[in-house]
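>>> any chance you could fold what I've pasted below:
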Amino acid sequence: MFPDTGTKDWNRLNVKGKTSSSAQRRKADQFLWYWKPPFNDPKSPHHFDLEHWWKKAPADISHDAALYELLRRHPKMGELQRERLRLGQELGQTTHYFANDLVLTGPKPLVIKLENESLYHIATQMLFYSLRSWPKLSTEDRVKFQSSLKATYPGKGRDLTKGVFDLTEKARAWAKSEKNVGGPSFEECIGDLAKGYGADERLILAVDTDFGSRKEAEVALKQMTDIFWKYWHEPRWRVRAHVWDWLKAIQDFECEFNRNGYGQFKLGYPKTFKKFIAHFDDDQARGLRTWWRREGRSNYAEDARRNSKTTR
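Residues are numbered from 1 along each chain as shown. Have a look, this model is predicted:
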């Protein structure tokens, strides 16, 4: 268990460097929610259990247990917990969704609201037991969490290793959603998606669905099965071992925060903090930022100038 390092006032810290702006401070503050009262108070009924229980039996860690530990620290879970305290009532029946305002800056800034209904569904299921670590959950709560995972899919590809995507369908949906704001073409979308998943070391298969016979389809299925098992048997360091990616990022950041507290943010975000918050990134946001940097910023600004001249 960690001592009470969260009582220091982040807002009074004379932050320099990359985190000097109020926007950067607010961003960091989102991810530090469980280091603040009442979540950091061992005597509070809302105390957040920080035990790194996985260090005791590293060979017996399940994927769902590691994912639970990651998601219970999600900044959106912090929003729900704070709202629960403020209202003093259950939030499971509310209809609003988790949403982030993605601000794309430039000569003509663009603000896009990204909603995540899937993550909201899982978070509301976790709300009333997520302050407890995995070993302290009842069997019933574990079943609830695992059932919510099966019912939906939270966020980016790193969240569930069983995730399978149709990149063609995803690229078409992306291109269609951004068409009215001068977004990328279908070819550009599928290129960015392929690069992104490739960089994350995800396996990308091109499948021809126009089979001449059932026998041809069975041969193709066998080929894909062989590829799957080839990667399944790779040693852990060669594949995307999500469980230890998640747990190590949590452990490294929290141990460092326990030693140095908020003072470590004076010169910017520490490496362990960057690795920790990277697991909460959003694929859609990353794709939009890529497009905006490459061409969207200039194209959107040019369209805005043309429209302003037309309306004069």
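
>>> residues in contact with the host helix or strand of K215?
Mapping K215 onto the secondary structure by DSSP states H and E places it in helix 214-232. For helix 214-232, contacts defined as C-beta atoms under 8 Å, 6 or more residues apart in numbering pick out L203, L205, V207, D208, F211, V239. In this view, the C-beta of every residue, glycine as well, is placed from N, C-alpha and C.

>>> for the record, mean pLDDT for it?
Mean pLDDT, computed over helix 214-232, is 83.

>>> all further residue positions should be reported with the first residue as 529.
Fine by me, first position is 529 from now on; the one you just mentioned is helix 742-760.

>>> and the next element down the chain from that helix?
On the C-terminal side of helix 742-760, the nearest following helix or strand under DSSP H and E is helix 770-788.

>>> and that next one, what does it pack against?
Helices and strands in packing contact with helix 770-788 are listed as helix 591-599, helix 799-806; criterion 3 or more C-beta pairs under 8 Å, 6 or more residues apart in numbering; DSSP states H and E.

>>> the inter-axis angle of the helix or strand that the longest one is followed by versus helix 799-806?
Per DSSP H and E, the first helix or strand lying C-terminal to helix 591-599 is helix 603-615. Counting by axes from the mean of the first three to the mean of the last three C-alpha atoms, to 10 degrees, helix 603-615 points 80 degrees away from the direction of helix 799-806.

>>> SS state for E716?
Reducing the assignment at E716 to three states with DSSP: H, G, I helix; E, B strand; the rest coil gives helix.

>>> then stretch 604-619 to PDB, C-alphas only?
Once non-C-alpha atoms are left out, stretch 604-619 reads as follows in PDB (Å, rounded to 0.1, in the frame of the first residue of the first chain):
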ATOM      1  CA  LYS A 604     -13.300   8.400 -17.600                       C
ATOM      2  CA  MET A 605     -13.700   6.000 -14.600                       C
ATOM      3  CA  GLY A 606     -12.500   8.900 -12.500                       C
ATOM      4  CA  GLU A 607     -15.200  11.200 -14.000                       C
ATOM      5  CA  LEU A 608     -17.900   8.700 -13.200                       C
ATOM      6  CA  GLN A 609     -16.600   8.200  -9.600                       C
ATOM      7  CA  ARG A 610     -16.500  11.900  -9.000                       C
ATOM      8  CA  GLU A 611     -20.000  12.400 -10.400                       C
ATOM      9  CA  ARG A 612     -21.200   9.500  -8.300                       C
ATOM     10  CA  LEU A 613     -19.900  11.300  -5.200                       C
ATOM     11  CA  ARG A 614     -21.300  14.600  -6.200                       C
ATOM     12  CA  LEU A 615     -24.800  13.300  -6.900                       C
ATOM     13  CA  GLY A 616     -24.800  10.700  -4.200                       C
ATOM     14  CA  GLN A 617     -26.800   8.300  -6.300                       C
ATOM     15  CA  GLU A 618     -26.400   5.500  -8.800                       C
ATOM     16  CA  LEU A 619     -25.400   6.400 -12.300                       C
END
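
>>> need the contact partners of it.
Residues lying outside stretch 604-619 but in contact with it, judged by C-beta under 8 Å, 6+ apart, are 558, 561-562, 566-567, 574, 599, 626, 644, 647-648, 651-652, 654-656, 658-659.

>>> what do you get if the cut-off is 7 Å, keeping everything else the same?
Contacts to stretch 604-619, defined as C-beta atoms under 7 Å, 6 or more residues apart in numbering, come from residues Q558, W561, Y562, H574, L599, F626, L647, A651, T652, M654, L655, S658.

>>> the fifth one: neighbour count?
L599 sits with 24 neighbouring residues when counted by other C-beta atoms under 10 Å.

>>> now swap in the second one and tell me
Per other C-beta under 10 Å, the neighbour tally for W561 reads 20.

>>> what's the closest non-adjacent residue to it?
Leaving aside its chain neighbours, W561 sits nearest to G606 (3.1 Å; criterion: C-beta to C-beta, 6 or more residues apart in numbering).

>>> now the third one
Leaving aside its sequence neighbours, Y562 sits nearest to F576 (C-beta to C-beta, 6+ apart; 4.1 Å).

>>> and for the fourth one?
Counting by C-beta to C-beta, 6+ apart, P566 is the residue found nearest to H574 once chain neighbours are left out, at 4.6 Å.

>>> so what's A594 closest to, chain neighbours aside?
If the residues on either side of it in the chain are set aside, A594 comes closest to V771, at 4.2 Å by C-beta to C-beta, 6+ apart.

>>> burial measure for that neighbour, as a count.
Residues contacting V771 under the criterion other C-beta under 10 Å number 21.

>>> which pLDDT value belongs to it?
81.

>>> still on that earlier bit, ok, now how distant is the residue nearest to Y562 from R614?
Relative to R614, F576 is positioned 17 Å away (criterion: C-beta to C-beta, to the nearest Å).

>>> which SS class is H574?
In three-state terms, and counting by three-state DSSP, H574 is coil.
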